[in-house]
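1. any chance you can model this:
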Amino acid sequence: MSKKIVVTGIGASSPLGGTASDSWEALLAGESGVRTIEADWVEKYDLPVSFAGQARVQPTEVLDRPVAKRLDPSSQFALVAAKEAFADAGSPEIPSERLGVDWATGIGGIWSLLDAWDTLREKGPRRVMPLTVPMLMPNAPSAAISMHFTARAFARTVASACASSTESIANAYEHLQLGLADIVIAGGSEAAIHPVTLASFSSMQALSRRNDSPETASRPYNTDRDGFVMGEGAAALVLETEEHALARGAKIYAEIAGGGVTADSYHITANDPEGHGAIRAMKLALSQAGAHPEDVTHINAHATSTPVGDINEYTALLGVFGDRAREIPVSATKAATGHLLGGTGALEALFSVLAVHHRVAPPTINLVDQDPEIPLQVSSEPQPLADGPQLAISNSFGFGGHNAVVAIRSYDA
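-> Residues are numbered from 1 along each chain as shown. Now for the predicted structure:
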């Protein structure tokens, strides 16, 4: 594949901020987006975990009420992020048949589904909202973006658990290479901070239970890490060929240089401890980028803060980079945002775009006592990247054995 695919717009709604720039600035400042959930259902259901990475700005504060009312929160977040990204790209004028959407979610419209179930049980079938099914569909966020921007090239949806939105960016890269569109809005969203998901993840012993200190609960690589933290929100990237971007005079943040998608075929929740699938995904992304492991200058790790997952990813990194894995600046940004599930890969890709653009690796907060079995170069402060061209990889691994990696290169016209 020979076309250069570039990022010309970014947008986000995250636990750190209501925009991409606010999220990035809070990340660099070492802030945490995790806090106690104030909803009465935490006490009602006696949930063992009472905190999460809730969005700093709720989408209902941004969208017009008639629009928001017809969308599940996962679609609301998607539309907020996509609108910001498209405006940041200069709101390009483009034939609708040449504008596509590659979006992702891990769980979809769980609030719409379970609210409807409650209504059915308590008030009967006549009170169930007519739009319940269109709101709960996993493709609803992609559809909402497509309809808002009249994007008719395609509106595709990936649902690959926590690898979803990284896979959507890899797909967008390939769709642009194939000439299926001139511009693609790519990313992912999730709004699954719900009693059912919190209870389920808690039952499988996957969540941190630091209810007394939510802001320090997500602590990748720390010796006493005890699980991940739920998050919500969305991130969007506007991608197009370099030729198309230059022709319209667009600013360019970075280049999406390649992507890799593989499967472990190992276990429904655990990733392969040998990291074979993750290794192949990283190598595929670098191969598509025409790059080698020694070219990588920054890694945004999946790093969920689970005792086993962090070590397994380190094993995979050793399988790609050898001893050099310990020398590459690594960021584990879930420490600040929590885990946005299907939306997390897009947010971390956005952070990686800004990292190579500004030549700084964002800090990893809550790292007090680094696990000696994971001797990566992780800093609690922003790390300046070395002079010269930058190449980052952003890793995402999900339940079901899904692995997705994107390679992101600094752009020098």
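2. so the closest residue to R280 other than its chain neighbours: helix, strand or coil?
-> Counting by C-beta to C-beta, 6 or more residues apart in numbering, T262 is the residue found nearest to R280 once chain neighbours are left out, at 4.6 Å. For every residue, glycine as well, the C-beta is placed using N, CA and C. Using DSSP: H, G, I helix; E, B strand; the rest coil as the criterion, the local structure at T262 reads strand.
3. what number of residues lie near T262?
-> T262 has 21 neighbours, counted by other C-beta atoms under 10 Å.
4. ok, now which ones touch it?
-> Under the criterion of C-beta atoms under 8 Å, 6 or more residues apart in numbering, the contact partners of T262 comprise 277-278, 280-281, 284, 403.
5. and it, what are its bridge partners?
-> Residues found in beta-bridge contact with T262 (criterion: DSSP bridges) are N403.
6. tell me how far it lies from V6.
-> Going from T262 to V6 by C-beta to C-beta, to the nearest Å gives 25 Å.
7. repeat for A386
-> When C-beta to C-beta is applied, the distance between A386 and V6 equals 22 Å.
8. now swap in G401 and tell me
-> As for G401, its distance to V6 is 31 Å (criterion: C-beta to C-beta).
9. okay, these two: which has more neighbours?
-> When neighbours are counted by other C-beta under 10 Å, G401 and V6 differ, and V6 comes out ahead with 27 against 22.
10. am I right that that one is in a strand?
-> Yes. With the criterion set as three-state DSSP, the secondary structure at V6 is a strand.
11. quick one: the strands in the stretch 1-150 of the chain?
-> Assigned by DSSP state E, counting those that start in this stretch, the stretch 1-150 of the chain shows strands spanning 5-13, 35-36, 51-52, 99-104.
12. before we move on, what about the stretch 201-350 of the chain?
-> Counting by DSSP E, counting those that start in this stretch, the stretch 201-350 of the chain has these strands, from start to end: 233-241, 254-263, 298-300, 329-331.
13. can you list the weak-confidence ranges in the protein?
-> 1, 413 (pLDDT under 70).
14. let's see that with 90 instead.
-> By pLDDT under 90, the low-scoring segments of the chain are 1-2, 265-274, 412-413.
15. neighbours of M147, how many?
-> Other residues near M147 come to 13 when the count uses other C-beta under 10 Å.
16. please apply the same query to R209.
-> Quick note: R209 (other C-beta under 10 Å) scores 14 neighbours.
17. pretty sure S287 contacts G258?
-> Yes. Using C-beta atoms under 8 Å, S287 is in contact with G258, at 7.0 Å.
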